[in-house]
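# everything below, folded, please.
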Amino acid sequence: MSNYINAIKISNLFQGNQLEELKYWLDNETPHSSGWNESPDKTHMVKLCEELNTYHKVLTDKSRETFEIHNLLPTFATLSWYEAGVEKSPHIDTGPAQYTILYNYFSEFPLKLSYGDDEILLQNEEAVAYYGGDVKHSVESVDGISIRLHFNFATPDNYYFILGNSTKNGFEFPSGRLENEVEQNWL
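Just a heads-up that it's a prediction; the model follows:
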């Protein structure tokens, strides 16, 4: 069964004081400040932090409403800093990134998300919600700097919620077993 949904553009994801605080925080962030690491694929810089976790939790109800899934839960969120020339090939999401809200905080030029056969342009401070588990997607390389927030969500039956770790071989549990070796019966 496919969970295919159309990608949904979201304007005004953050508003009022929430947006003002986000701007104050992000306008003072660069990969030269503390807490940043190179992404696993070595294409950009990423940061995971409590400020981001707070915004992630706040989006739980918005994600449930947008994706029309009443029990979505936040998994992980990243603040990502891309520089010119980063090429990301189209991919399918796995593990705890079932449903994603991508927020384009700032890019020197609009971001173009390819999602299946669709292309969505994102201006600064616009977001798109999509299900990446069945649909190939990617963001086209941009000229200049791009600062994006990725908020990921999953249903309670996702392996993430039983202490598994996403690895290059798939989801691995503390026992060393991979996801294809474990029956999903923890609910």
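
# what stretches of the protein score poorly on pLDDT?
Scanning the chain for pLDDT under 70 picks out the ranges 1-4, 163-171, 184-187.

# show me where it has strands.
Per DSSP state E, the chain carries strands over the ranges 8-11, 36-38, 45-47, 73-82, 99-107, 111-115, 118-122, 126-131, 137-139, 146-154, 165-167, 170-172.

# in a markdown table: those strands, plus mean neighbour count.
(Glycine included, C-beta is placed from N, CA and C.) Converted to a markdown table, the strands of the chain look like this (neighbours: other CB atoms under 10 Å):
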| stretch | mean neighbour count |
| --- | --- |
| strand 8-11 | 13 |
| strand 36-38 | 13 |
| strand 45-47 | 19 |
| strand 73-82 | 20 |
| strand 99-107 | 22 |
| strand 111-115 | 18 |
| strand 118-122 | 16 |
| strand 126-131 | 23 |
| strand 137-139 | 20 |
| strand 146-154 | 23 |
| strand 165-167 | 14 |
| strand 170-172 | 17 |
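
# Asn53 is nearest to which of those?
Smallest distance to Asn53 across those (CB to CB): 6.6 Å, for strand 73-82.

# picking up where we left off before, export the strands of the chain to JSON lines and append columns for distance to Thr30.
Below are those laid out as JSON lines (distance: least, CB to CB, whole Å):
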{"stretch": "strand 8-11", "distance to Thr30": "26"}
{"stretch": "strand 36-38", "distance to Thr30": "8"}
{"stretch": "strand 45-47", "distance to Thr30": "9"}
{"stretch": "strand 73-82", "distance to Thr30": "7"}
{"stretch": "strand 99-107", "distance to Thr30": "12"}
{"stretch": "strand 111-115", "distance to Thr30": "19"}
{"stretch": "strand 118-122", "distance to Thr30": "21"}
{"stretch": "strand 126-131", "distance to Thr30": "22"}
{"stretch": "strand 137-139", "distance to Thr30": "20"}
{"stretch": "strand 146-154", "distance to Thr30": "9"}
{"stretch": "strand 165-167", "distance to Thr30": "27"}
{"stretch": "strand 170-172", "distance to Thr30": "33"}
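
# hmm, Leu102 and His150 touching each other?
Yes: counting by CB atoms under 8 Å, His150 does reach Leu102; the two are 5.6 Å apart.
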